[in-house]
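[1] here are the coordinates; sequence isn't available:
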C-alpha cells in the first residue's frame, strides 16, 4: 500500500492507503475524499480530478502525456509545473508519502 495525503483547498488533510495499480483518483473516489469529482470516471476526458502535486514530488512522477496536457487546459487555475490529473497517476509503492492538494473548485 502507498499512503497518499489528499489536502482539501481549506487545508483539511486525508491520509489514505491506496493499493498499487489503482490511480490516485480511484483512491480518492473509493475513500470519499471531497474535492476530486472525477466526472468522466478516469477516462482523461475532463479535468475534474485536477490537483496540485507537492513540489517535492513533481519530478518523481511520470511525465504528463499529451492527452493529459490537453485536458489540463480546461482545469481551474492550472499550474504549469504542479498540476496533474489524478486519473493519470498510477499508484506504486514508490508513491508512498505523495501529497496532492485540490484546487478551490473543479470545472
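    Yes, it's here. In this text the structure is predicted, and so the values were computed from the model without any measurement.
[2] any weak-confidence spans in this protein?
    For the chain, no stretch has pLDDT under 70.
[3] What ranges does it have for its helices?
    24-30, 66-72 (DSSP state H).
[4] Tell me which of the ones you listed sits most buried.
    helix 24-30 (a mean of 23; mean count of other C-beta atoms under 10 Å). (C-beta placed from N, C-alpha, C; glycine too.)
[5] if we look at that helix, which residues are touching it?
    4, 6, 16, 18, 22, 33, 35-36, 38, 42, 49, 51, 85-87, 89, 91, 95, 98, 100 (C-beta atoms under 8 Å, 6 or more residues apart in numbering).
[6] ok, back up a step: just send the helices of the chain back as CSV, with distance to residue 60 too.
    Shown next, in CSV, are the helices of the chain (distance: least, C-beta to C-beta, whole Å):
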stretch, distance to residue 60
helix 24-30, 13
helix 66-72, 17
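[7] Could you give the bridge partners of residue 22?
    residue 20 (DSSP bridges).
[8] Wait, it touches residue 89, no?
    No: with contacts counted by C-beta atoms under 8 Å, residue 22 stays clear of residue 89, the gap being 9.9 Å.
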